[in-house]
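> Sequence first, then the predicted structure, then my questions.
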Amino acid sequence: MKNKEIASRFNEIADILELRGENRFRINAYRRGARSVESLQRPIEEIAAEGALGDIPGIGKDLEAKIDEYLEVGSISFLEELRDETHQVLLDMLRIPGIGPKTAVLLYEELKLESLADLKRAALDHRIQGLPKMKAKTEENILKGIEFLERAQGRTPIGEAYPLAERIISALDELPHVTKISPAGSLRRFRETIGDIDILATSRKPGDVIEHFTHLDVVERVLAEGKTKGSVITTEGIQVDLRVVAEASYGAALNYFTGSKEHNIRLREIAIKKKMKLNEYGLFKKSRKGAEKRIAGKTEEEVYKTLGFPYIPPEIREDTGEIEAAREGTLPDLVEMKDIRGDLHFHSNWSDGTSSLTELAVAGKAAGYRYLIVSDHSKSLHIAHGLSEDRLREQMDEIDRINKRLSGFKLLKGSEVDILPDGSLDLSDDVLEQLDIVIVAIHSQFKMKRDAMTARVITALQNPYANILAHPTGRLLGSRDAYEIDMSAVIDAAAETDTAIEINAHPMRLDLNAATARMTAEAGVMISIGTDAHNPALEMRYMRYGVYTARRGWLSKEQILNTKTVTQLLRSLHHKRKQM
DNA sequence: GCCGTTTTCGGCCCGACTGTTTTCAGTCG
């Protein structure tokens, strides 16, 4: 799948054109094309093969030819020429916060830079102040920008960002004159990683709120402090932006600051066609005399309604079809936390978890669940004290004993069985047959060739007892890439063999991711959400990241295994055993 | 460079904050 490669090349073209001061609309066309290609739900090679590149929004004749060229020869000659004429340090400088194309070119030409190290040295030697429009402050900001770049590598996982945002929000919420406060941005859309944390509030005294915010304990450095907007870096190195708006604008502002940018642009374009104007202060209509009147803005619902749409939930505001679905009245009824009846991936202290079976039952019941699976590792996974077949039988007896003492709640007998390199399972069919639910997953030999890995997983799915494929791509956010595997083939096999695929809710996994989960469910495969918790006190709450990933994948509760009752769940899973 | 209920040319999302300026360009989201 070359979507990302092509998107990044279009963005690079845009960057270079911007450095050269080209027409900004031409630049924007490349950026729009890049976004469009990156957000495609399927491999661009497939679309090219169908001759349907021109149907992608933002892709016209020119960009289509460049995509074809890249797919055929692996490069784009136009970009190669641009690269030949552009020094790398110019592109490097664009990654420094505060430096845009104009400043980059000026610094490059005046200082004869060869690298970012040169720029840092120039700043330290005070050779930047004195250049046109550059003084001591500019120099200081450039140094800070370089430091930020060196320190803050990449984005923050939502599992870190969300709790931090909640702490800041609850601290600000205590202020007497803060009336409303909410997360916004990619955090509210529950993206798996967050660039910076956006928070929106309403207050009669916006300046006081901003001032309080910039003096919170978690603040290490203040980047900006205005009348309605404050921006800080926390001690963890995460940027947090706070905006304070008036009550009458809250809905419009929440919509604006939640994004995505692509979604917002679509909404604004629609507003313009309806002779309206949408900004963060509201939705406005122009009178004949040219005066503007606010016709919506207090709530998001009001903004969408006045534009002629139903409410679109934040998690799907990515311009991947939600505007069209809203127009046609076919928006999905997204799964919610309250629909979840149980956790379908959990470890006890029989393998590498921290808690006893009884403690699991107590925690599950306290969380309001009706069931919770015990899915300890199987024998091959020595490092996690995987259970032998005898130990697993003992555990099943113990679960039976505990269940007799419970009412309205059930521990399910499960196992997270290793998929061995040849695709066979680590436990015999005799034992698997006695389990309520069999999870299969890969924990070894990650570096197999793509075809072999795909065949390995498909073989496992063909076992009549395999119910759920867990963390199917093996990726760990920020530390390990997905292994080489053809997910389209795996999804097809799951559909054929009546096997579910997991959204692993652990915030460092989120595997399946939202886009693949959407593809999977569209193929008619059931999705299971499991926290993979090893410590209930800390990790059970990860369920929300799984549910929000499902929402980002457009899933309704009918497509999620663990919204079913125990009876429905076991009946649907055991259907496969009878079939095969 | 793309696009069309403004349709093959002439538009293209919009405003806050900063740092340098005396009225604004650059950057960011």
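Everything's here; your move. Residues are numbered from 1 along each chain as shown, chains lettered A, B, ... in the order given.

> if I look at whichever residue of the stretch 451-580 of chain A sits closest to DNA strand B, how far off is A:I199?
Across the stretch 451-580 of chain A, the shortest distance to DNA strand B (Cβ to the nearest atom of the strand) belongs to A:R552, at 18.9 Å. Where you see a C-beta, it was placed from the backbone N, CA and C, and this is true even at glycine. Computed as Cβ to Cβ, to the nearest Å, the A:R552 to A:I199 distance reads 20 Å.

> returning to that earlier point: could you give the number of residues near the closest residue to the residue of the stretch 451-580 of chain A closest to DNA strand B other than its chain neighbours?
Computed as Cβ to Cβ, 6 or more residues apart in numbering, the closest residue to A:R552 that is not its neighbour in sequence is A:A514, at 3.5 Å. Other residues near A:A514 come to 24 when the count uses other Cβ atoms under 10 Å.

> repeat for A:N28
14.

> residues in contact with the closest residue to A:P313 other than its chain neighbours?
Sequence neighbours aside, A:L334 is the residue nearest to A:P313 in space, at 5.7 Å (criterion: Cβ to Cβ, 6+ apart). Counting by Cβ atoms under 8 Å, 6 or more residues apart in numbering, A:L334 touches A:P313, A:E315, A:I316, A:A550, A:R551, A:W554, A:L555, A:S556.

> Can you list which of these are found in helices?
Among these, DSSP state H puts A:A550, A:R551 in helices.

> ranking the contacts of A:L334 by neighbours, who comes first?
Highest neighbour count within the contacts of A:L334: A:A550, with 30 neighbours (other Cβ under 10 Å).

> My read is that it contacts A:I503, right?
Yes - at 5.8 Å, A:A550 and A:I503 qualify as touching, with contact defined as Cβ atoms under 8 Å.

> now the helices for the stretch 151-300 of chain A?
A:158-173, A:185-188, A:206-214, A:250-258, A:261-273, A:300-306 (DSSP state H, counting those that start in this stretch).

> Out of these, which is closest to A:G368?
Nearest to A:G368, of all the helices of the stretch 151-300 of chain A, is helix A:158-173, at 20.0 Å by Cβ to Cβ.

> rewinding a little: hey, what's in contact with both of A:A550 and A:I503?
Common neighbours of A:A550 and A:I503 (criterion: Cβ under 8 Å, 6+ apart): A:A517, A:I527, A:I529.

> Now do the domain split for chain A, please.
A:3-151, A:156-245, A:269-328, A:337-579 (automatic domain parsing).

> distance between the shortest one and the chain's centre?
Think domain A:269-328. Distance of domain A:269-328 from the chain centroid (Cα atoms, centre = their mean, to the nearest Å) equals 25 Å.

> Point me to the residue of the stretch 101-250 of chain A nearest DNA strand B.
Per Cβ to the nearest atom of the strand, A:G226 is where the stretch 101-250 of chain A lies closest to DNA strand B, at 2.6 Å.

> Same question for chain A.
Taking Cβ to the nearest atom of the strand, chain A has A:G100 as its residue nearest DNA strand B, at 2.2 Å.

> Enumerate every residue touching the residue nearest to A:K365 when sequence neighbours are not counted.
Once flanking residues are discounted, A:K365 sits nearest to A:F409: 4.6 Å by Cβ to Cβ, 6+ apart. Neighbour list for A:F409: A:A361, A:G364, A:K365, A:Y369, A:R370, A:Y371, A:L372 [criterion: Cβ under 8 Å, 6+ apart].

> can you pick the most crowded of those residues?
In the contacts of A:F409, the most neighbours by other Cβ under 10 Å go to A:L372, 30 neighbours.

> Please report the distance of that one from A:G342.
Taking Cβ to Cβ, one finds A:L372 at 6 Å from A:G342.

> I'd like to know how far the closest residue to A:G282 other than its chain neighbours sits from A:T320.
Nearest residue to A:G282, sequence neighbours excluded (Cβ to Cβ, 6+ apart): A:G297, at 2.9 Å. Between A:G297 and A:T320 the computed distance is 26 Å (Cβ to Cβ).

> and if you look at A:V178?
Taking Cβ to Cβ as the measure, A:V178 falls 34 Å from A:T320.

> Ok, A:S356 next?
In this structure, A:S356 and A:T320 are 44 Å apart, going by Cβ to Cβ.

> Look at those two and report which has more neighbours.
Neighbour count, other Cβ under 10 Å: between A:S356 and A:T320, A:T320 has more, with 21 against 14.

> which parts of the stretch 151-300 of chain A sit against DNA strand B?
By the rule Cβ under 7 Å from any atom of the strand, the part of the stretch 151-300 of chain A lying against DNA strand B is A:185, A:195-196, A:198, A:224-229, A:239, A:241, A:257, A:261, A:264-265, A:268-269, A:272-273, A:277-281.

> if you set the cut-off to 6 Å instead, what comes out?
Proximity of the stretch 151-300 of chain A to DNA strand B, by Cβ under 6 Å from any atom of the strand, involves residues A:196, A:224-229, A:265, A:268-269, A:272-273, A:277, A:279.

> picking up where we left off before, can you redo the domains of chain A as a markdown table with mean pLDDT?
Below are these laid out as a markdown table (pLDDT from 0 to 100):
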| stretch | mean pLDDT |
| --- | --- |
| domain A:3-151 | 89 |
| domain A:156-245 | 91 |
| domain A:269-328 | 88 |
| domain A:337-579 | 94 |
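
> Kindly state which of those is positioned closest to A:G251.
Proximity to A:G251 (Cβ to Cβ) singles out domain A:269-328 among those, at 3.9 Å.

> mind checking the end-to-end distance for the closest one?
End-to-end distance for domain A:269-328: 18 Å, by Cα to Cα, to the nearest Å.
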